[in-house]
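Q: Following is a predicted model, sequence given first.
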Amino acid sequence: MNKSAFIFCLVIIALSCSKDVPYTLVYNTNYFGVIQGRYAIYNVQEMSHDVNLIPKHDTNTYQLKTVIGNEYIDNKNRKGYEFLRYVFDTIYQQWTLKDTWVIYHDNTNGELVEENQRIIKLTFPIRTEKEWNSNTFNNEPEKKYFYSNIHKPRTIGSLNFDSTLQVKQQYFKSLIDFQNQYEYYATNVGLISKVYKNLIIDNFDTLSIQKGNEIHYQIIEYGFE
């Protein structure tokens, strides 16, 4: 057998073998963590800045609990779930319902309706540097999200997560502006941390904050009720 015929046979064998191994597309929808009864508790820190006020920098800390509640059917016959948000009342030492949002997920998107704004938080299947418009289903300006650091382990406090990803939502820095917004998600848990910064700064210095707001979430507990 000459060399050309030999290579041809190898190609035929490879193609034949490939037909016997079906390709399975992995969506990784479990990063959104939408399972009825699942809860997560976060330490939340909200900061407001204004150098013309007293105090110039004000911080509010509290604990937030989210729970995947009852099944919800919207006016387009889409099935979702109540997304219950509780704040811990330090005076009465109990959780108080703050608001009820709605959460959806399928093999295309993971969506959260926040204050009547439907936002695409994740899109499937998960792919490195995949980009999408989070405001596709609302009237807000286009806002591009994309994935980074997918399927990486991550530790937050005493909690270890085998597989996480980062959703980069916005980053911009100039002489006087600094915007940095991103979230981390873990498989079968959902959101595990969040950073939101929208600041006016001085001379490119992100620590010299003149005005603006920050929000930080860090998960401390999760499970099922």
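A: Done, it's in. Residues are numbered from 1 along each chain as shown.

Q: quick one: the helices in the chain?
A: Secondary structure of the chain by DSSP state H: the helices cover 3-19.

Q: most centrally placed residue in it?
A: By Cα atoms, centre = their mean, the mean C-alpha position of the chain lies nearest to Glu183, the distance being 4.5 Å.

Q: shouldn't that one be in contact with Lys194?
A: Yes - Glu183 is within contact range of Lys194, at 4.7 Å (criterion: Cβ atoms under 8 Å). Where C-beta positions appear, they are placed from N, C-alpha and C, glycine not excepted.

Q: The residue nearest to the centre of the chain pairs with what?
A: Taking DSSP bridges as the rule, Glu183 bridges to Val167, Lys194.

Q: what's the spacing between it and Val189?
A: Relative to Val189, Glu183 is positioned 12 Å away (Cβ to Cβ, to the nearest Å).

Q: ditto for Asp162
A: Spatial separation of Asp162 from Val189 under the definition Cβ to Cβ is 10 Å.

Q: which stretches of the chain have low pLDDT?
A: 1-25 (pLDDT under 70).

Q: repeat that with 50
A: 3-13, 15-16, 18, 21, 23 (pLDDT under 50).

Q: For the top strand by length along it, which residues meet the burial criterion?
A: With DSSP state E applied, the strand covering the greatest number of residues in the chain is identified as strand 205-224. Buried residues in strand 205-224, counting neighbours by 16 or more other Cβ atoms under 10 Å, are found at Ile209, Lys211, Gly212, Glu214, His216, Tyr217, Gln218, Ile219, Tyr222.

Q: In contact with the third one, which residues?
A: Listed by Cβ atoms under 8 Å, 6 or more residues apart in numbering, the contact set of Gly212 reads Ser48, His49, Phe178, Lys197, Asn198, Leu199, Ile200.

Q: Which strand residues bridge the closest residue to it other than its chain neighbours?
A: Nearest non-adjacent residue to Gly212, counting by Cβ to Cβ, 6 or more residues apart in numbering: Leu199, 3.5 Å away. Beta-bridge pairing for Leu199 (DSSP bridges): Phe178, Gly212.
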